[in-house]
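A.B. asks: sequence isn't available, so here's the structure alone:
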């Protein structure tokens, strides 16, 4: 659909007023309609004043004495993350923008969407009419009392709102040279909006901003407008990607918002002088969160959970967004992402961030932990001590980069591993350099674990998953068990029994590939003397069997026959 636009100007005061006007919802309007003291004309006048960003409407609403004013929300402009980047300006950025407004240099237009007019355009211009997903989207916003959506200008409109609420001070004149002469005397005691003399406030109030009002178009059309407007600006891939409005994108943003407080959490301790000292920094900086780096990680995790070790790149991430998102596995199975990512963030909040910091590879460690938890869940394992588990995980991540032999001495790292061509064994004996090598390129260049964590190509993904499985042999006994009330075998016993049984099943002498050792669908830990017959769940009373043999009843029958020999 063609996006019809109105090019206009709006005063800074009017724009600021829009951020402070009471937002009257559909339910609020019904209260007035049910009240005989208010006519349709009264209600219409109030709504017209709100639409016109007339701040005096707030007093009119208070005078009605109908609403609990302290429960009414303000700001009739919806900062739609569907189109927008997250707010990412720092204080200095905001101060510079206000200075440019004062000096008449804020030239870039802010783009709003007129919600009511857009709804009319969708109703009249699409076959689906009011059943169109875009119509439903804007209808919800209108019912919540919003008048405009920001298509481009999140940082600017938010900054103006903060400035008028005395949350952004002006630069002091000794630190900034205003072109406007009347602002060359800004001091420490007169740098907030409420502290300015009336003439200075009047100057700011009446500065005119370039405004573009979009009056027609679907969500897809508005998203395209956002991309085109920012095509000359260096937005990152995720910022461009999220302009594709879809259910999957909403889920990603919701999950990111849910744990935003964990991403930004900092821990302080007291130093010897009793002053606060930063002992634990935030997982991500405000800038990284603003640039949607966390959301990109969530989309990456979604791909890895539904597609296994398949390559993840810009194309695969882009493919999660679009019109057919509702039929994609990344959308249908997003509950897996919510469960695992949510668990990791809760652990960070409860136990600190150190278990994610090994080798300074935060994102790579989170991906490894996602794979580990998913593997455990798929194979019916339960973590019984989460604190010890996080400690073990952090220590193991360090070993992967500093001494890969310690993860599993039985695994030989091979040249051309996971690639086509001849395989050459790399000997570890007396070669300290190779202790840090997990893969070697055809040209002889060695790669450490941290280096392969930085690239999600398929061969390295497969290698990482194999190494993750290898690391499970070192889990202490009291951390992970099988989910079975009668078979609470610690996961670490599997490797001990694998060594004891020379890598073979106990009864049928079938070889057990190390990479499949922890797969409970293929191999079971079983009691020698059955649990029902009083057998203890102990290391001496268990062994490894193939699941096929163990479920066939052959082992039990054989055991009964042996018992009969002694009758």
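C.D. replies: Looks like it came in fine. Since the model is a prediction, treat every value here as computed from it, not as a measurement. Numbers count the residues shown, from 1 in each chain.

A.B. asks: quick one, what contacts residue 115?
C.D. replies: Contacts of residue 115 were listed using C-beta atoms under 8 Å, 6 or more residues apart in numbering, and they are 78, 138, 141, 142, 146, 147, 148, 149. Glycine gets a C-beta too; all of them are placed from N, C-alpha and C.

A.B. asks: please name the nearest non-neighbouring residue to the fourth one.
C.D. replies: In this structure, residue 142 finds its nearest non-sequential neighbour in residue 115, 5.2 Å apart by C-beta to C-beta, 6 or more residues apart in numbering.

A.B. asks: I'd like to know how far that neighbour sits from residue 135.
C.D. replies: Residue 115 sits 11 Å away from residue 135, going by C-beta to C-beta, to the nearest Å.

A.B. asks: which pLDDT value belongs to residue 429?
C.D. replies: Looking at residue 429, its pLDDT is 47.

A.B. asks: correct me, but residue 260 touches residue 290?
C.D. replies: No. The pair residue 260 / residue 290 is not scored as a contact, 11.1 Å apart, by C-beta atoms under 8 Å.

A.B. asks: and the two? Which one has more around it.
C.D. replies: residue 290 (19 against 15; other C-beta atoms under 10 Å).

A.B. asks: ok, and for stretch 112-128, which residues are buried?
C.D. replies: Within stretch 112-128, the residues that count as buried by 16 or more other C-beta atoms under 10 Å are 112, 113, 114, 115, 117, 118, 119, 121, 122.

A.B. asks: ah, wrong one, I meant stretch 258-267
C.D. replies: In stretch 258-267, counting by 16+ other C-beta under 10 Å, buried: 259, 262, 263, 265.

A.B. asks: looking at those, which is nearest residue 105?
C.D. replies: Nearest to residue 105 out of these is residue 263 (C-beta to C-beta; 34.1 Å).

A.B. asks: which residues touch the helix or strand where residue 203 lies?
C.D. replies: Element membership for residue 203, per DSSP states H and E: helix 198-205. Here helix 198-205 makes contact (C-beta under 8 Å, 6+ apart) with 11, 12, 13, 16, 101, 102, 180, 182, 183, 193, 196.

A.B. asks: re earlier: of the contacts of residue 115, buried ones?
C.D. replies: Buried among the contacts of residue 115 (16+ other C-beta under 10 Å): 78, 138, 141, 142, 146, 147, 148, 149.

A.B. asks: surely the last one is in contact with residue 110?
C.D. replies: I take that to be residue 149. No. Taking contacts as C-beta under 8 Å, residue 149 lies outside contact range of residue 110: 11.6 Å.

A.B. asks: residue 539: neighbour count?
C.D. replies: Neighbours of residue 539 (other C-beta under 10 Å): 14.

A.B. asks: make sure it is actually in contact with residue 495.
C.D. replies: No. With contact defined as C-beta under 8 Å, residue 539 does not count as touching residue 495 (11.6 Å).

A.B. asks: so which of the buried residues of stretch 112-128 sit within helices?
C.D. replies: Among these, the residues falling in helices (DSSP state H) are 115, 117, 118, 119, 121, 122.

A.B. asks: tell me the contacts of residue 474?
C.D. replies: 392, 396, 407, 492.

A.B. asks: roughly how far apart are it and residue 395?
C.D. replies: For residue 474, the distance to residue 395 - C-beta to C-beta - is 9 Å.

A.B. asks: how about residue 35?
C.D. replies: Taken as C-beta to C-beta, the span from residue 35 to residue 395 is 66 Å.

A.B. asks: residue 451 too?
C.D. replies: Distance from residue 451 to residue 395, by C-beta to C-beta: 20 Å.

A.B. asks: higher neighbour count, these two?
C.D. replies: Each of residue 451 and residue 395 has its neighbours counted (other C-beta under 10 Å); residue 451 has more, 18 against 13.

A.B. asks: relative to residue 504, how far out is the closest residue to residue 528 other than its chain neighbours?
C.D. replies: Spatially, and ignoring its direct neighbours in sequence, residue 528 is nearest to residue 541 (5.0 Å; C-beta to C-beta, 6+ apart). For residue 541, the distance to residue 504 equals 19 Å [C-beta to C-beta].

A.B. asks: next: residue 61.
C.D. replies: 79 Å.

A.B. asks: just residue 291 next, same as before
C.D. replies: Residue 291 is 52 Å from residue 504, by C-beta to C-beta.

A.B. asks: repeat for residue 476
C.D. replies: For residue 476 relative to residue 504 (C-beta to C-beta), the value is 25 Å.

A.B. asks: what's the answer for residue 222, then?
C.D. replies: For residue 222, the distance to residue 504 - C-beta to C-beta - is 63 Å.

A.B. asks: more neighbours: these two, which one.
C.D. replies: residue 222 (27 against 14).

A.B. asks: nearest residue to the more buried one other than its sequence neighbours?
C.D. replies: That would be residue 151: by C-beta to C-beta, 6+ apart, it lies 5.6 Å from residue 222.

A.B. asks: quick one on the thing from earlier: as a markdown table, the buried ones among the contacts of residue 115 with distance to residue 307 and secondary structure would be great.
C.D. replies: Shown next, in a markdown table, are these (distance: C-beta to C-beta, whole Å; DSSP: H, G, I helix; E, B strand; the rest coil):
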| residue | distance to residue 307 | secondary structure |
| --- | --- | --- |
| 78 | 34 | strand |
| 138 | 34 | helix |
| 141 | 34 | helix |
| 142 | 39 | helix |
| 146 | 38 | coil |
| 147 | 42 | coil |
| 148 | 39 | strand |
| 149 | 34 | strand |
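
A.B. asks: tell me the buried residues in stretch 58-70?
C.D. replies: Going by 16+ other C-beta under 10 Å, stretch 58-70 has these buried residues: 58, 61, 64.

A.B. asks: assign residue 167 to helix, strand or coil.
C.D. replies: Assigned with DSSP: H, G, I helix; E, B strand; the rest coil, residue 167 falls in the coil class.

A.B. asks: kindly provide the whole-number mean pLDDT of stretch 259-276.
C.D. replies: 89.

A.B. asks: which of the buried residues of stretch 58-70 scores worst on pLDDT?
C.D. replies: Lowest pLDDT of these: residue 64, 90.

A.B. asks: how many neighbours does residue 269 have?
C.D. replies: Residues near residue 269, counting by other C-beta under 10 Å: 10.

A.B. asks: wait, residue 511
C.D. replies: Neighbours of residue 511 (other C-beta under 10 Å): 9.

A.B. asks: likewise for residue 349?
C.D. replies: Residue 349: 13 neighbours (other C-beta under 10 Å).

A.B. asks: give me every residue that touches it.
C.D. replies: Counted by C-beta under 8 Å, 6+ apart, residue 349 has contacts 262, 265.

A.B. asks: what pLDDT does it get?
C.D. replies: pLDDT, read off for residue 349, is 95.

A.B. asks: that one and residue 214, how far apart?
C.D. replies: Residue 349 is 40 Å from residue 214, by C-beta to C-beta.

A.B. asks: also residue 252?
C.D. replies: Residue 252 is 25 Å from residue 214, by C-beta to C-beta.

A.B. asks: which of these two has more neighbours?
C.D. replies: More crowded of residue 252 and residue 214, by other C-beta under 10 Å: residue 252, with 29 against 23.

A.B. asks: could you measure from that one over to residue 246?
C.D. replies: In terms of C-beta to C-beta, residue 252 sits 10 Å off from residue 246.
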